[in-house]
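A.B. asks: Please work out how this folds:
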Amino acid sequence: VLFCMATSNDGLQWERPKLGLVEYRGSKANNILWAPARGESNDGPTICHDPEDARAPFKMLYYGFGGKRVRGEYAAFSKDGIVWEHRPEPVLTNTGDRTNVMPVRDRNGRYVAFLRHRNMMTLDLARTVWRSESADFIHWTDPERILRPDLLDDANTELYGMAAFPYEDIYLGMLERWYDNPDVIEVQLAWSRDGRQWQR
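C.D. replies: Numbering: from 1, shown residues only. Predicted coordinates:
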């Protein structure tokens, strides 16, 4: 998976800048920020903006796998959001392939990621949402389960992933509910006072 960049002044009309960073099909006239090594792949890159960190105000978390890589969450850091320094070793190895880092620090000054557990299908018999946090974006806590299907969900429903962010004095989450028959994902609103106990 290639990491690419698009820009917009209004969130509606988007442009793909020619960054000149990565050669693709014989040209660097493209919007590619980074490409993994041959045989490697990535999933779910999301970015936290941390303006208090002058050295690396942009921080990325994503799931990496394939090739010689250890499966897990990888971190990258950038001063301008364009040129990225990727850590070669994963920061978490007991997660799955869906990553959503909160776009800013939480109210306690922590970085927070909503992701999957590597063993969720054994533990929960379904896709579920887990939470991990970090003080430095490198050392992350063991994921804790925060959302799983309950009695209000249809039998064929799984919780595919969730992006969340602070809003006033609460946190809002855009929870992806997946129905396997038919194959449909819908977004459901979730909310929390502390980022751990969620209502939907």
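
A.B. asks: Now do the residue lying farthest from the centre of the chain, the pLDDT please.
C.D. replies: The C-alpha centroid of the chain is most remote from Gly26, which lies 30.3 Å away (Cα atoms, centre = their mean). On the pLDDT scale, Gly26 is placed at 94.

A.B. asks: Helices of the chain, residue ranges please.
C.D. replies: Using DSSP state H, the helices found in the chain span residues 120-124.

A.B. asks: what residues are up against the most centrally placed residue in the chain?
C.D. replies: The residue lying closest to the centre of the chain (Cα atoms, centre = their mean) is Asn100, at 2.5 Å. By Cβ atoms under 8 Å, 6 or more residues apart in numbering, the residues touching Asn100 are Gly44, Thr46, Ala113, Phe114, Leu115, Gly161, Met162, Ala163, Ala164. Bear in mind the C-beta positions are built from the backbone N, C-alpha and C, glycine included.

A.B. asks: Take these and lay them out in a markdown table including pLDDT, distance to Lys18 and neighbour count.
C.D. replies: Listed next are the contacts of Asn100 as a markdown table, based on pLDDT from 0 to 100; distance: Cβ to Cβ, whole Å; neighbours: other Cβ atoms under 10 Å:
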| residue | pLDDT | distance to Lys18 | neighbour count |
| --- | --- | --- | --- |
| Gly44 | 86 | 26 | 21 |
| Thr46 | 95 | 24 | 17 |
| Ala113 | 98 | 31 | 26 |
| Phe114 | 97 | 33 | 25 |
| Leu115 | 96 | 33 | 28 |
| Gly161 | 95 | 31 | 23 |
| Met162 | 97 | 34 | 24 |
| Ala163 | 97 | 28 | 18 |
| Ala164 | 97 | 33 | 26 |
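
A.B. asks: Reformat those residues as JSON lines; add distance to Leu92.
C.D. replies: Formatted as JSON lines, the contacts of Asn100 follow (distance: Cβ to Cβ, whole Å):
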{"residue": "Gly44", "distance to Leu92": "13"}
{"residue": "Thr46", "distance to Leu92": "14"}
{"residue": "Ala113", "distance to Leu92": "8"}
{"residue": "Phe114", "distance to Leu92": "13"}
{"residue": "Leu115", "distance to Leu92": "8"}
{"residue": "Gly161", "distance to Leu92": "16"}
{"residue": "Met162", "distance to Leu92": "17"}
{"residue": "Ala163", "distance to Leu92": "18"}
{"residue": "Ala164", "distance to Leu92": "18"}
